[in-house]
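> could you work out the structure for the sequence below:
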Amino acid sequence: WDFVLSEDIGASDLANPANRQSGAWALRRRALAAATDGAAMDLGHARLHRPPRSVCAPRNALLALVGLFLALYVIFHSSASADDAPLYIVVLGGGVDKDGRPLDHVYPRLDRAAELFFEYARSEDAMPVILCLSQGTTHYPNPKGPDGYWITEAEAGIRYLAEEKEVPKTALMEESYSWDTVGNAYFARTLFLEPAGVTRAIVITNEWHMKRSEGIFNYVFSLPPHLPSPSSRLRSKDSWKFHFVAVEDGLEPATAAARREHEAASMEMFRQNTKKIKNLADFQRWLFTDHDAYSATRHFKKWRANLSAAALKSYGAATDGPQATTR
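Predicted structure coming up:
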(Lines give C-alpha, C1' and ligand atoms only; values in the text may rest on other atoms or scores of the structure.)
Protein backbone atom coordinates (compact mmCIF):
# COMPACT_ATOMS: atom_id res chain seq x y z
CA TRP A 1 0.00 0.00 0.00
CA ASP A 2 1.43 3.38 -1.01
CA PHE A 3 -0.34 6.48 0.27
CA VAL A 4 0.75 10.12 -0.10
CA LEU A 5 -0.46 12.90 2.21
CA SER A 6 0.13 16.59 1.51
CA GLU A 7 -1.54 19.72 2.83
CA ASP A 8 -1.25 21.20 -0.67
CA ILE A 9 -3.65 18.66 -2.18
CA GLY A 10 -7.30 18.76 -1.13
CA ALA A 11 -10.26 16.49 -1.79
CA SER A 12 -11.49 18.69 -4.61
CA ASP A 13 -8.10 18.48 -6.28
CA LEU A 14 -8.02 14.68 -6.04
CA ALA A 15 -11.49 14.47 -7.58
CA ASN A 16 -9.97 15.76 -10.80
CA PRO A 17 -8.17 12.92 -12.66
CA ALA A 18 -5.75 15.39 -14.20
CA ASN A 19 -4.76 16.67 -10.76
CA ARG A 20 -4.31 13.14 -9.46
CA GLN A 21 -1.70 12.63 -12.12
CA SER A 22 -0.06 16.02 -12.13
CA GLY A 23 -0.49 16.88 -8.43
CA ALA A 24 -0.41 14.01 -5.97
CA TRP A 25 1.59 11.61 -8.08
CA ALA A 26 4.03 14.28 -9.19
CA LEU A 27 4.63 15.10 -5.53
CA ARG A 28 5.05 11.39 -4.82
CA ARG A 29 7.64 11.09 -7.56
CA ARG A 30 9.51 14.09 -6.18
CA ALA A 31 9.27 12.67 -2.68
CA LEU A 32 10.67 9.30 -3.80
CA ALA A 33 13.44 11.02 -5.71
CA ALA A 34 14.28 13.12 -2.69
CA ALA A 35 14.38 10.08 -0.41
CA THR A 36 16.58 8.18 -2.86
CA ASP A 37 19.01 11.03 -3.36
CA GLY A 38 19.19 11.81 0.32
CA ALA A 39 17.40 15.12 -0.09
CA ALA A 40 15.58 17.05 2.63
CA MET A 41 11.99 17.84 1.63
CA ASP A 42 9.23 20.00 3.04
CA LEU A 43 6.04 18.08 2.13
CA GLY A 44 3.87 21.12 2.80
CA HIS A 45 5.38 23.14 -0.04
CA ALA A 46 7.31 20.43 -1.91
CA ARG A 47 10.62 22.28 -1.49
CA LEU A 48 13.63 20.10 -2.29
CA HIS A 49 17.12 20.91 -1.07
CA ARG A 50 19.68 18.71 -2.74
CA PRO A 51 23.10 18.43 -1.13
CA PRO A 52 26.23 18.25 -3.28
CA ARG A 53 26.82 15.06 -5.24
CA SER A 54 29.93 14.38 -3.17
CA VAL A 55 27.65 14.02 -0.15
CA CYS A 56 24.96 12.04 -1.98
CA ALA A 57 27.21 9.34 -3.43
CA PRO A 58 28.27 7.68 -0.14
CA ARG A 59 24.73 8.01 1.19
CA ASN A 60 23.28 6.37 -1.91
CA ALA A 61 25.73 3.50 -1.61
CA LEU A 62 24.73 3.02 2.03
CA LEU A 63 21.03 3.07 1.13
CA ALA A 64 21.62 0.50 -1.60
CA LEU A 65 23.47 -1.75 0.86
CA VAL A 66 20.68 -1.45 3.42
CA GLY A 67 18.12 -2.26 0.71
CA LEU A 68 20.07 -5.37 -0.27
CA PHE A 69 20.17 -6.60 3.33
CA LEU A 70 16.43 -5.99 3.71
CA ALA A 71 15.68 -7.94 0.53
CA LEU A 72 17.79 -10.87 1.71
CA TYR A 73 16.07 -10.76 5.09
CA VAL A 74 12.64 -10.96 3.45
CA ILE A 75 13.72 -13.92 1.31
CA PHE A 76 15.22 -15.98 4.11
CA HIS A 77 12.67 -14.96 6.75
CA SER A 78 9.78 -15.90 4.45
CA SER A 79 11.35 -19.25 3.72
CA ALA A 80 11.99 -19.95 7.40
CA SER A 81 8.46 -18.92 8.37
CA ALA A 82 6.97 -21.30 5.81
CA ASP A 83 9.11 -24.16 7.09
CA ASP A 84 8.11 -23.42 10.71
CA ALA A 85 4.37 -23.16 9.95
CA PRO A 86 2.24 -26.07 11.15
CA LEU A 87 0.83 -28.71 8.88
CA TYR A 88 -2.83 -28.06 8.06
CA ILE A 89 -5.23 -30.96 7.67
CA VAL A 90 -8.14 -29.57 5.66
CA VAL A 91 -11.48 -31.40 5.84
CA LEU A 92 -14.07 -30.41 3.25
CA GLY A 93 -17.62 -30.02 4.48
CA GLY A 94 -20.15 -32.55 3.23
CA GLY A 95 -23.47 -31.77 4.85
CA VAL A 96 -25.31 -32.12 8.16
CA ASP A 97 -28.57 -33.83 9.05
CA LYS A 98 -31.61 -32.09 10.52
CA ASP A 99 -30.14 -32.50 14.02
CA GLY A 100 -26.87 -30.81 13.08
CA ARG A 101 -24.73 -33.94 12.96
CA PRO A 102 -22.36 -34.78 10.08
CA LEU A 103 -23.86 -36.95 7.37
CA ASP A 104 -22.75 -40.58 7.18
CA HIS A 105 -20.32 -39.98 4.31
CA VAL A 106 -18.61 -37.16 6.23
CA TYR A 107 -17.52 -39.33 9.16
CA PRO A 108 -14.79 -41.14 7.16
CA ARG A 109 -13.31 -37.71 6.31
CA LEU A 110 -13.26 -36.68 9.98
CA ASP A 111 -11.96 -40.05 11.19
CA ARG A 112 -9.08 -39.91 8.72
CA ALA A 113 -8.29 -36.34 9.76
CA ALA A 114 -8.07 -37.42 13.41
CA GLU A 115 -5.79 -40.34 12.53
CA LEU A 116 -3.46 -38.09 10.57
CA PHE A 117 -3.47 -35.47 13.32
CA PHE A 118 -2.21 -37.87 15.97
CA GLU A 119 0.24 -39.45 13.53
CA TYR A 120 1.84 -36.12 12.60
CA ALA A 121 1.61 -34.71 16.14
CA ARG A 122 4.26 -37.24 17.16
CA SER A 123 6.73 -36.16 14.48
CA GLU A 124 6.06 -32.47 13.77
CA ASP A 125 7.76 -29.66 15.68
CA ALA A 126 4.53 -27.64 15.66
CA MET A 127 1.16 -29.17 16.52
CA PRO A 128 -0.85 -29.81 13.34
CA VAL A 129 -4.08 -27.92 12.71
CA ILE A 130 -7.32 -29.48 11.53
CA LEU A 131 -9.29 -26.96 9.49
CA CYS A 132 -12.96 -27.89 9.02
CA LEU A 133 -14.63 -26.15 6.10
CA SER A 134 -18.09 -24.95 5.09
CA GLN A 135 -21.06 -22.96 6.27
CA GLY A 136 -23.50 -25.30 4.58
CA THR A 137 -25.10 -25.91 1.21
CA THR A 138 -27.25 -23.76 -1.03
CA HIS A 139 -29.65 -26.66 -1.52
CA TYR A 140 -31.05 -26.73 2.02
CA PRO A 141 -31.15 -24.32 4.97
CA ASN A 142 -28.89 -25.09 7.91
CA PRO A 143 -30.57 -26.69 10.93
CA LYS A 144 -30.75 -24.72 14.17
CA GLY A 145 -29.21 -25.79 17.46
CA PRO A 146 -30.79 -25.62 20.92
CA ASP A 147 -29.52 -22.05 21.30
CA GLY A 148 -31.36 -20.95 18.18
CA TYR A 149 -28.23 -20.40 16.09
CA TRP A 150 -27.56 -22.11 12.78
CA ILE A 151 -25.31 -25.17 12.95
CA THR A 152 -22.63 -25.05 10.26
CA GLU A 153 -20.96 -28.03 8.66
CA ALA A 154 -17.64 -26.85 10.08
CA GLU A 155 -19.07 -26.65 13.60
CA ALA A 156 -20.52 -30.15 13.32
CA GLY A 157 -17.09 -31.40 12.25
CA ILE A 158 -15.09 -29.77 15.03
CA ARG A 159 -17.58 -30.91 17.68
CA TYR A 160 -17.21 -34.50 16.54
CA LEU A 161 -13.41 -34.27 16.44
CA ALA A 162 -13.18 -32.70 19.89
CA GLU A 163 -15.85 -34.72 21.67
CA GLU A 164 -15.58 -38.11 20.00
CA LYS A 165 -12.01 -38.30 18.66
CA GLU A 166 -10.39 -36.28 21.50
CA VAL A 167 -8.52 -33.92 19.21
CA PRO A 168 -7.35 -30.93 21.31
CA LYS A 169 -9.70 -27.99 20.86
CA THR A 170 -6.71 -25.69 20.36
CA ALA A 171 -5.78 -27.70 17.26
CA LEU A 172 -9.14 -27.10 15.57
CA MET A 173 -10.08 -24.22 13.28
CA GLU A 174 -13.43 -23.46 11.66
CA GLU A 175 -14.05 -21.91 8.24
CA SER A 176 -17.79 -21.20 8.17
CA TYR A 177 -18.14 -18.84 5.19
CA SER A 178 -18.19 -21.14 2.18
CA TRP A 179 -21.20 -22.75 0.54
CA ASP A 180 -19.45 -25.03 -1.96
CA THR A 181 -16.11 -26.49 -3.03
CA VAL A 182 -15.11 -23.28 -4.83
CA GLY A 183 -15.62 -21.26 -1.65
CA ASN A 184 -13.84 -23.98 0.34
CA ALA A 185 -10.67 -23.38 -1.64
CA TYR A 186 -10.94 -19.57 -1.77
CA PHE A 187 -11.54 -19.04 1.94
CA ALA A 188 -9.03 -21.71 2.96
CA ARG A 189 -6.38 -19.80 1.03
CA THR A 190 -7.29 -16.19 1.79
CA LEU A 191 -8.36 -16.53 5.45
CA PHE A 192 -6.16 -19.32 6.75
CA LEU A 193 -3.24 -20.80 4.82
CA GLU A 194 -1.80 -17.73 3.13
CA PRO A 195 -2.03 -15.32 6.10
CA ALA A 196 -0.47 -17.98 8.35
CA GLY A 197 2.41 -18.59 5.93
CA VAL A 198 1.34 -22.21 5.49
CA THR A 199 2.49 -24.06 2.39
CA ARG A 200 1.85 -27.68 3.46
CA ALA A 201 -1.63 -29.12 3.69
CA ILE A 202 -3.48 -32.41 3.51
CA VAL A 203 -6.90 -32.11 1.86
CA ILE A 204 -9.46 -34.79 2.72
CA THR A 205 -12.74 -35.67 1.03
CA ASN A 206 -14.62 -38.66 -0.37
CA GLU A 207 -13.52 -40.51 -3.49
CA TRP A 208 -16.52 -39.29 -5.55
CA HIS A 209 -15.68 -35.67 -4.61
CA MET A 210 -11.90 -35.81 -4.95
CA LYS A 211 -11.35 -35.14 -8.66
CA ARG A 212 -13.25 -31.84 -8.61
CA SER A 213 -11.83 -30.84 -5.22
CA GLU A 214 -8.26 -31.41 -6.35
CA GLY A 215 -8.86 -29.50 -9.58
CA ILE A 216 -10.41 -26.50 -7.82
CA PHE A 217 -7.85 -26.33 -5.00
CA ASN A 218 -4.92 -26.54 -7.41
CA TYR A 219 -6.48 -23.83 -9.56
CA VAL A 220 -7.30 -21.39 -6.73
CA PHE A 221 -3.93 -21.79 -5.06
CA SER A 222 -2.09 -21.32 -8.37
CA LEU A 223 -3.52 -17.83 -8.94
CA PRO A 224 -1.01 -15.01 -8.41
CA PRO A 225 -2.12 -12.24 -6.03
CA HIS A 226 -3.10 -8.91 -7.60
CA LEU A 227 -1.00 -6.91 -5.12
CA PRO A 228 1.77 -9.31 -4.09
CA SER A 229 3.49 -8.95 -0.76
CA PRO A 230 7.29 -9.33 -0.55
CA SER A 231 6.90 -12.99 0.43
CA SER A 232 4.19 -13.79 -2.14
CA ARG A 233 6.38 -12.43 -4.95
CA LEU A 234 8.76 -15.25 -4.15
CA ARG A 235 6.03 -17.89 -4.19
CA SER A 236 5.31 -19.87 -7.31
CA LYS A 237 2.28 -22.04 -7.91
CA ASP A 238 4.51 -25.05 -7.26
CA SER A 239 5.44 -23.92 -3.73
CA TRP A 240 2.10 -25.12 -2.30
CA LYS A 241 2.62 -28.69 -1.16
CA PHE A 242 -0.77 -30.39 -1.11
CA HIS A 243 -1.44 -34.05 -0.46
CA PHE A 244 -4.96 -35.10 -1.40
CA VAL A 245 -6.43 -37.97 0.61
CA ALA A 246 -9.57 -39.68 -0.67
CA VAL A 247 -11.65 -41.77 1.71
CA GLU A 248 -14.44 -44.23 0.94
CA ASP A 249 -17.55 -43.01 -0.83
CA GLY A 250 -19.82 -43.45 2.16
CA LEU A 251 -22.88 -43.34 -0.13
CA GLU A 252 -25.15 -45.90 -1.70
CA PRO A 253 -23.84 -46.89 -5.16
CA ALA A 254 -26.65 -45.11 -7.03
CA THR A 255 -26.18 -41.92 -5.00
CA ALA A 256 -22.39 -42.02 -5.44
CA ALA A 257 -22.81 -42.45 -9.20
CA ALA A 258 -25.21 -39.51 -9.32
CA ARG A 259 -22.77 -37.33 -7.39
CA ARG A 260 -19.88 -38.27 -9.67
CA GLU A 261 -21.94 -37.21 -12.66
CA HIS A 262 -22.88 -33.96 -10.97
CA GLU A 263 -19.28 -33.25 -9.89
CA ALA A 264 -18.01 -33.75 -13.44
CA ALA A 265 -20.60 -31.34 -14.86
CA SER A 266 -19.83 -28.77 -12.14
CA MET A 267 -16.11 -28.98 -12.86
CA GLU A 268 -16.63 -28.34 -16.55
CA MET A 269 -18.82 -25.34 -15.74
CA PHE A 270 -16.10 -24.03 -13.38
CA ARG A 271 -13.51 -24.28 -16.16
CA GLN A 272 -15.74 -22.35 -18.54
CA ASN A 273 -16.54 -19.63 -15.99
CA THR A 274 -12.92 -19.02 -15.03
CA LYS A 275 -11.31 -18.96 -18.49
CA LYS A 276 -10.60 -15.21 -18.39
CA ILE A 277 -9.38 -15.06 -14.80
CA LYS A 278 -5.72 -14.09 -14.51
CA ASN A 279 -5.13 -13.54 -10.79
CA LEU A 280 -6.70 -13.73 -7.36
CA ALA A 281 -8.26 -10.28 -7.72
CA ASP A 282 -10.08 -11.39 -10.88
CA PHE A 283 -11.25 -14.51 -9.07
CA GLN A 284 -12.52 -12.53 -6.08
CA ARG A 285 -14.48 -10.22 -8.38
CA TRP A 286 -16.01 -13.17 -10.24
CA LEU A 287 -16.84 -15.05 -7.04
CA PHE A 288 -18.72 -12.16 -5.43
CA THR A 289 -20.42 -10.75 -8.52
CA ASP A 290 -21.21 -13.78 -10.71
CA HIS A 291 -21.28 -16.90 -8.52
CA ASP A 292 -24.83 -17.69 -7.38
CA ALA A 293 -23.70 -18.76 -3.90
CA TYR A 294 -21.82 -15.53 -3.09
CA SER A 295 -22.98 -12.61 -5.25
CA ALA A 296 -25.39 -10.05 -3.79
CA THR A 297 -27.73 -10.67 -6.73
CA ARG A 298 -28.58 -14.11 -5.31
CA HIS A 299 -30.97 -12.41 -2.89
CA PHE A 300 -33.13 -11.33 -5.83
CA LYS A 301 -33.19 -14.66 -7.67
CA LYS A 302 -35.29 -17.75 -7.40
CA TRP A 303 -33.80 -20.88 -8.80
CA ARG A 304 -33.75 -24.61 -8.28
CA ALA A 305 -30.54 -26.54 -8.75
CA ASN A 306 -30.47 -28.99 -11.63
CA LEU A 307 -29.91 -32.07 -9.48
CA SER A 308 -31.31 -35.56 -9.65
CA ALA A 309 -33.19 -36.81 -6.61
CA ALA A 310 -30.37 -39.29 -5.92
CA ALA A 311 -27.70 -36.57 -5.94
CA LEU A 312 -29.83 -34.24 -3.84
CA LYS A 313 -30.07 -36.84 -1.06
CA SER A 314 -26.32 -36.59 -0.49
CA TYR A 315 -26.44 -32.91 0.51
CA GLY A 316 -28.23 -33.55 3.76
CA ALA A 317 -29.58 -30.91 6.15
CA ALA A 318 -33.39 -31.11 6.12
CA THR A 319 -33.41 -34.22 3.95
CA ASP A 320 -37.08 -34.75 4.73
CA GLY A 321 -37.94 -31.10 4.05
CA PRO A 322 -38.32 -28.92 0.98
CA GLN A 323 -35.46 -27.96 -1.29
CA ALA A 324 -34.48 -24.33 -0.96
CA THR A 325 -35.55 -22.20 -3.91
CA THR A 326 -33.47 -19.13 -3.09
CA ARG A 327 -29.71 -18.62 -3.03
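
> going forward, measure contacts between C-alpha atoms and count neighbours the same way
Fine.

> and residue 259, what does it touch?
Contact analysis of residue 259 by C-alpha atoms under 8 Å, 6 or more residues apart in numbering lists 208, 209, 310, 311, 314.

> turn those residues into JSON lines, including neighbour count, pLDDT and secondary structure.
Compiled in JSON lines, those are given as follows (neighbours: other C-alpha atoms under 10 Å; pLDDT from 0 to 100; DSSP: H, G, I helix; E, B strand; the rest coil):
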{"residue": "208", "neighbour count": "23", "pLDDT": "97", "secondary structure": "helix"}
{"residue": "209", "neighbour count": "22", "pLDDT": "97", "secondary structure": "helix"}
{"residue": "310", "neighbour count": "15", "pLDDT": "74", "secondary structure": "helix"}
{"residue": "311", "neighbour count": "19", "pLDDT": "80", "secondary structure": "helix"}
{"residue": "314", "neighbour count": "22", "pLDDT": "84", "secondary structure": "coil"}
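
> from the residues you listed, which is closest to residue 198?
Comparing the contacts of residue 259 against residue 198 with C-alpha to C-alpha places residue 209 closest, at 23.9 Å.

> how close does that closest one sit to residue 266?
11 Å (C-alpha to C-alpha, to the nearest Å).

> quick check: mean pLDDT of the host helix or strand of residue 257?
According to DSSP states H and E, residue 257 maps onto helix 253-273. On average, the pLDDT along helix 253-273 is 95.

> can you check stretch 137-147 too?
90.

> endpoint to endpoint, it covers what distance?
Per C-alpha to C-alpha, stretch 137-147 runs 21 Å from first to last residue.

> ok, now stretch 190-206?
End-to-end for stretch 190-206, by C-alpha to C-alpha: 24 Å.

> residue contacts, residue 210?
With C-alpha under 8 Å, 6+ apart, residue 210 has these contacts: 244, 246.

> which parts of the stretch 151-300 of the chain are strands?
Using DSSP state E, counting those that start in this stretch, the strands of the stretch 151-300 of the chain run over residues 172-175, 200-206, 241-247.

> can I get those in TSV including mean neighbour count, mean pLDDT and distance to residue 114?
Shown next, in TSV, are the strands of the stretch 151-300 of the chain (neighbours: other C-alpha atoms under 10 Å; pLDDT from 0 to 100; distance: least, C-alpha to C-alpha, whole Å):
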stretch	mean neighbour count	mean pLDDT	distance to residue 114
strand 172-175	20	98	11
strand 200-206	22	97	11
strand 241-247	17	96	13
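
> for residue 125, find the nearest of these.
Residue 125 lies closest to strand 200-206 among the strands of the stretch 151-300 of the chain, at 13.7 Å (C-alpha to C-alpha).

> that closest one pairs with which strands, parallel or anti?
strand 88-91 (parallel), strand 241-247 (parallel) (DSSP bridges).

> and the ones you listed: which comes nearest residue 198?
strand 88-91 (7.6 Å).

> confidence score at residue 240?
Per the predicted model, pLDDT is 83 at residue 240.

> against residue 290, how distant is it?
For residue 240, the distance to residue 290 - C-alpha to C-alpha - is 27 Å.

> residue 84 too?
38 Å.

> hang on, the earlier thing: mind putting the strands of the stretch 151-300 of the chain in JSON lines, distance to residue 215 included?
Shown next, in JSON lines, are the strands of the stretch 151-300 of the chain (distance: least, C-alpha to C-alpha, whole Å):
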{"stretch": "strand 172-175", "distance to residue 215": "20"}
{"stretch": "strand 200-206", "distance to residue 215": "12"}
{"stretch": "strand 241-247", "distance to residue 215": "11"}
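
> between those strands, which one is nearest to residue 116?
Judging those by C-alpha to C-alpha, what sits closest to residue 116 is strand 200-206, at 9.1 Å.

> what is the orientation angle of the closest one with helix 253-273?
130 degrees (axes from the mean of the first three to the mean of the last three C-alpha atoms, to 10 degrees).

> adjust the sequence numbering to begin at 508 for everything that follows.
Sounds good: first residue 508 from here, last item strand 707-713.
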